[in-house]
Every structure is written in structure tokens, then in C-alpha cells.
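[1] Got a sequence here, can you model it:
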Amino acid sequence: MNSVEPARRDAAIRSPASLVLLVLASALTAGIGELVLRLLATRFLPAPVAINPASIWLGPVSAVIIFTPLILTVWLGARLIGSGAAWSSAVAVAAFLATFDVLLLVPRLHPAALAVLALGVATQVTRLARRHPVRFRRVLAGTAAILSAVAVTGGLLTARDGGAADPASGTVLSDDAPNVLFLVLDTVRALELSAYGYERNTSPRLVQLAAEGVRFDRAVAPAPWTLPSHATMFTGLFQRDLSVGWSTALDTVPPTVAEHFSSLGYATGGFVANLRYCARTHGLGRGFQTYRDFSLVPSVIVGSTMAGRRLLGLYNDLAGKYVLAGRKDAARVVDEFLDWQEERGSRPYFAFLNLFDAHEPYAPEAPYDLAFLASEPPTRALMVGEVPDPAEVEGLRGAYDGAIASLDAQLGRLFDELARRGSLDRTIVVVTSDHGEEFAEHGYMSHGNGLNFPALHVPLLIRWPKGGVPAGAVVETPVSLADLAATLIDLTASTRRSVLPGASSPRCGAARRCRTSHPSSPSCTGCTTCPTSTRCREETCGHSCKGASTTSRAPSNRRSCTTLSPTRSSGATCWPIPPWPTRCRRCGGRWRRFPPRIARGVRRRAGDDFLRLLGAPLD
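    Numbers count the residues shown, from 1 in each chain. This next block holds a predicted model:
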């Protein structure tokens, strides 16, 4: 009898039920342990760390998907060959996988070194399992139960939309209150758009949009990377006045444009594809009643652990693909918005869409993958800090152009659907980008590593026929995206005063009156209808500007204008043409970069100081 009980107990410990407990405990430990380390990294490390709030349950799910076949294969293999160490082998593999997955987060250590450390941990865990089998099984059961409760609770909390409250859902807006559709084409530079004169037909739908609205030829991004640029567009404040940084989110101090529209009774929704810097955790979701960032797609489930990301990387290397964990294409973002807009019915909305398709790796679906390439390029991924040879640069540009064309097609689908629903002409449509991209024009690739013109020159198109925005107009004076929030509020004819800084961008064709904006500027007397250019012309306005030359572009002639809409006036700062020539004196071609003297100065300055070179007021 005494010999039977240990045998039964030993059989129970090594049963399939114990194997299930082993898989669950190791997967939960790996998934939640990795999340804890990521949270610690965001607190103590200066480098940015991306965290999906749903990883509290997605991490364990990813680990279960990866660990189960490996642990089960070892366990079955040991049993088939008649080895009595099947259970110990399974414990060793589970301990190794859980430890190695968490250790992969440690930077600057070779994976081989991490594997040795994980092997040592697995050896010690296996010894404990052999010496104390009953106690070890109890620990497995307790660990699985506690961590399962944590994962389920976290999953229920993150399953909620997490958007802002709707403080003004009962507010009655006027019947003619327009919708606002704010589209940010992440990493799209103006130089690569056919709407801006590019020789390749990359953006036919944006060409059509420009013909129906205003195109700003010299829109300047406030920063060469995503987070501060978006924060500035949302608040009207430059990065120097904000909390944003490489690993710092936008705080709750400055009001945002979404909060303004929400307070007016608008439905507000954000739909983003840049999960690294536009996720809710970076503070950009404030003021949005609905904010969709991470979505449940196979790549985000598998890639919720470091082991899963390594498997995705291995798959990409073997199959020649460019699958990224959780990446959302424009089609998914557009579908999310259209479903949300349909649910809102006739209620006016403010919607923000961040579309990420033009960000590297440039891997659009067919037929856009080879739309501007004769064959598959050597690579579609940029290596920041490395400048490839000219052939690779051309291949990357062709792939980038194809990604833009694919994105443009999705914009066309969006506009067509809104037109079919009868909503497009009641909507202020704004299309811009947060920053551009460099292709070795100045020795740099990618963005975020310089203030060169290709990284800061972005598209800006506004369509609002019912609001007096003229069709086919072109504004050549430089403007800053810092004034977008004020411009949107001005276009909606809101009666509530905005607390956001910035000045409404000039609208081509609107009446203007000049005023002095710089202490050294000459004063203007009596101007009532100045042209789009900030230089007063006597033959146009019928008045003279004291001390101002009708042809000079000297810095002393910088001006700002006040836009006068047909029903109201609002301070609208427009910026002067830069004090350097826009065409090369030798060949007559347009500058695609600043002259060398200016460029050298730009590289030594921060984003706001760059704007001073354009004569822009920074307050």
C-alpha cells in the first residue's frame, strides 16, 4: 500500500494535466514578466519603449502559441523513445523558453549569452522539480491561477475603449456645423507627390483634392519625427513648450484641438496606425471619445512577446517579407473610421486618422509594390545611420513611391465612400504629414536625424467648398503646421473662443489687411486687399507701404496678415517668402534643399529655431 501511493502521486504529477499547467505557468510568466520589464524600462531608461496595454493578456497568449508545440514535441519525443525523463525534459524546455523570452529584452547582450543564462535557470528549475515534485506542481498551479487572474482582469480593463468622456453629447450644434476630417500621412514628404509637381504619378487623388481646395506649397513640419510634430498640431505649441520627448508622452497640461471640439458637442474619434508614437499611451488620445490604436491582427498576437518578434523576423528573412508586429495598413484604418462614422449618424464629428503605409519598410501590396520598379529592390527597409549605394537608394525611392500610391488609393476609397454617404461636402478635409523622409540628399537616410528640407517639407491640402475655401488655389508663402489647430477652429466658424495658440493659416482669395508683426518691419497704412504674397503691391491694394519694397525679399520686410472671412475676422499669421532665392541662379531649377550656408545653420538649431529662419513668429 505504501508503495502504491507514491506511484499514483508520481503518475498524477507527470500527467497531461500537469503538462497543461506547465505550459500555462511558463507562458503567463513570460508574457507578464516581459510587460513588467517594459514598464520598468519606460520608468528608468531614456530610450523609447513601445507598450501595448493589451499585452497583459496578449503576451501570455503569444507565449502559449509559441511554447505549446515546443514543449509538447519534447515531451512526446521523450515518451516515444521510452525515456523516463519526459516530465523533466518538458520542465527544462518550459523554464528555458520563459527565461529566454524575458531576457531578450535586455539590450547589448548577444543572444548566445542570453541563451546560456536561460539554460542555467532552466537547469536549476529542473533540479527543483525532481527533488520536490509535489511542491513544484503546487507552485505551478498557484502561479497559473494568480497570473491568469491578473491577465483576465487586465484584459477586461483594456477591452474598454478607453476614450475620453463625452461631456457635451447633449449639446445642440447648428444644422450647418461641419465635420472635420484630419488626415495625417505619416512620413510622406511633399517632394514625392505628383500633387506637388513630382514626375511620377504617385498621388492622383490628392491632385484631385488640390483642384477642389487649397494647396499650401511650403508647409513646414514643426519637427522631423512623429510625436512632437503631432503634439504641436494638436496643441499649437512647439516642442520647447511641451513635455514630449523620445520617451516622454504628452502630458495633460495643454488643451488639445480634440478637447475643444468635444466641448462643442462634436463626436471625436482617433484612428491611428503609428503604434510607436501615436498610441494612447503617448498622450495623443486626450479629448477623443473613441481612440483606436492597437488592433487584434495575427501579427500583433504573435508579436506580443520577444520570442514572437524573433519568429516574425525569421519568417521575414526566409520568405523575403516585411511583416511587422501589429502594423495596420491604411485599409484597416479607413474601415475603422467609416464604421465609426456610420454609427454616429448625422452628428458632426472631428476625426483624426494617422496612416502609416509610407513609413519604412516600404512594402505595399500588389500592384503598388512594383508600380515604379522594374524588379524587386535589394531591400525595402532603411538602415538608419547607413547610406546605401545609389542603386539601393533608387530602389528604396521606388518602393516608397509605391507605398504612397497605395496610400493615395485608400484616400480615394475614403473620399468616394463619404461622397456616396452625402457627407464629403459637409466635411472640412485636411491632408498633411507629420514629417518627410530623406534619401541621402544630405547624407542622411530616414528622418529624425536632421532638419534638412526633405524631412520638414510636408503636404498641406484643405478642402471646404461651403466654407469659402476656393478651389484650385495655391498658397506659396510658408506656413507652419503649428497653426493647424487654430485654422480648423476658424474654419468651423465656432462661436466659442479657443484657448489654443496659433493663427489661422491664410486662405487664398480672402480679403486681407496688412499689419506689422516685427519691430523692424515698416508699417503699412490703409491696405485692405493685399494679395496672397506677403509683399504689398500698390497696383493691387491701392495704398503704399512705408519703407517696403515691392520686390525686396529682405528680412526687414517680413509681414503678417489678418485674414478676413465674409462674416468675421481673426488674427491669421501668414509667413513671408524666405530671404534666399527659390531658384538656382545657374540652372534655373527650383531648390530641393536650402542653400549650403542656410543648411549648415539649420543643422545647428532645434526645430523652433529653424522656423525663425523663415521669419515665423514663435509665440
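
[2] Identify the residues contacting the closest residue to Lys328 other than its chain neighbours.
    Closest residue in space to Lys328, ignoring its immediate chain neighbours: Ala273 at 4.1 Å, by CB to CB, 6 or more residues apart in numbering. C-betas here are computed from N, CA, C, even on glycine. With contact set as CB atoms under 8 Å, 6 or more residues apart in numbering, Ala273 has these partners: Asp186, Arg327, Lys328, Asp329, Ala330, Arg332, Val333, Asn354, Leu355, Phe356, Asp357.

[3] Can you tell me how far Ala273 is from Val431?
    15 Å (CB to CB, to the nearest Å).

[4] Could you do Arg344 as well?
    Per CB to CB, Arg344 is found 21 Å from Val431.

[5] Lys321 now?
    Per CB to CB, Lys321 is found 30 Å from Val431.

[6] who has more neighbours, these two?
    Val431 (27 against 13; other CB atoms under 10 Å).

[7] now the helix ranked longest in the chain: how far from the chain's centre is it?
    Assignment by DSSP state H gives helix 390-420 as the longest helix of the chain. Computed by CA atoms, centre = their mean, to the nearest Å, the chain-centroid distance of helix 390-420 equals 17 Å.

[8] next one: stretch 297-317
    Relative to where its chain is centred, stretch 297-317 has its mean C-alpha point 20 Å off (CA atoms, centre = their mean).

[9] what do you get for stretch 135-145?
    The answer for stretch 135-145 is 42 Å, by CA atoms, centre = their mean.

[10] again with stretch 190-204
    22 Å.

[11] Let's test this: mean pLDDT of that stretch, rounded?
    Here stretch 190-204 scores 92 as its mean pLDDT.

[12] And that stretch, end to end?
    14 Å (CA to CA, to the nearest Å).

[13] Ends of stretch 277-294, what's the gap?
    12 Å.

[14] residues contacting the residue nearest to Glu441 when sequence neighbours are not counted?
    Distance criterion CB to CB, 6+ apart; nearest residue to Glu441, sequence neighbours excluded, is Pro454 at 5.6 Å. Counting by CB under 8 Å, 6+ apart, Pro454 makes contact with Arg189, Leu191, Gly436, Glu437, Glu438, Phe439, Glu441, His442, Arg592, Arg593.

[15] Please confirm that the third one is located within a helix.
    No: per DSSP: H, G, I helix; E, B strand; the rest coil, Gly436 lies outside any helix segment and is coil.

[16] Could you report the distance from the closest residue to it other than its chain neighbours to Val458?
    Using CB to CB, 6+ apart and skipping residues adjacent in sequence, the residue nearest Gly436 is Arg189, 3.0 Å away. Arg189 is 7 Å from Val458, where distance means CB to CB.

[17] shared neighbours of those two, which are they?
    Common neighbours of Arg189 and Val458 (criterion: CB under 8 Å, 6+ apart): Ser433, His435, Gly436.

[18] Can you show me the strands along the stretch 51-200 of the chain?
    179-185 (DSSP state E, counting those that start in this stretch).

[19] Flag the shaky bits of it, pLDDT-wise.
    By pLDDT under 70, the low-scoring segments of the stretch 51-200 of the chain are 82-84, 159-173, 175.

[20] confidence score at the residue nearest the centre of the chain?
    Centroid-nearest residue in the chain, with CA atoms, centre = their mean: Asn274, separated by 3.1 Å. Here the pLDDT value assigned to Asn274 is 88.

[21] what's the answer for Val469, then?
    87.

[22] Next, give phi and psi for it.
    phi -80, psi 120 (degrees, to the nearest 10).

[23] what's around it, how many residues?
    20.

[24] unless I'm mixing things up, Leu355 is touching Ala330, no?
    Yes: using CB atoms under 8 Å as the test, Leu355 is close enough to Ala330 to be in contact (4.6 Å).

[25] Mutual contacts of the two, please.
    The contact lists of Leu355 and Ala330 share Ala273, Leu407, Gln410, Leu411, where a contact means CB under 8 Å, 6+ apart.

[26] how much space between Leu58 and Asp186?
    24 Å.

[27] Neighbour count for the two, which is higher?
    Neighbour comparison, Leu58 and Asp186: the larger count goes to Leu58, with 27 against 22 (by other CB under 10 Å).

[28] unless I'm mixing things up, that one is touching Asn52, no?
    Yes: contact criterion CB under 8 Å: Leu58 and Asn52 qualify, at 6.6 Å.

[29] hey, what's in contact with both of those two?
    What both Leu58 and Asn52 touch, as defined by CB under 8 Å, 6+ apart, is the set Val300, Ser304.

[30] circling back: surely the residue nearest to Glu441 is within a strand?
    No: assessed with three-state DSSP, Pro454 is helix; it does not lie in a strand.

[31] all numbers from here: first residue = 21
    Will do, 21 is the new start, and the previous item becomes Pro474.

[32] and it, what pLDDT?
    Reported pLDDT at Pro474 in the predicted model: 87.

[33] For Leu438, give its distance to Leu201.
    Counting by CB to CB, the gap from Leu438 to Leu201 is 8 Å.

[34] Now for the two: what residues contact both?
    By CB under 8 Å, 6+ apart, Leu438 and Leu201 have these common neighbours: Thr447.

[35] helix, strand or coil for the closest residue to Phe202 other than its chain neighbours?
    Using CB to CB, 6+ apart and skipping residues adjacent in sequence, the residue nearest Phe202 is Phe372, 4.7 Å away. Using three-state DSSP, the structure places Phe372 in strand.

[36] mind listing what Phe372 touches?
    Phe202, Val204, Ala278, Gly289, Gly290, Phe291, Val292, Phe308.

[37] State the helix or strand in which Gly285 lies.
    Element membership for Gly285 (DSSP states H and E) is empty, with no helix or strand holding it.
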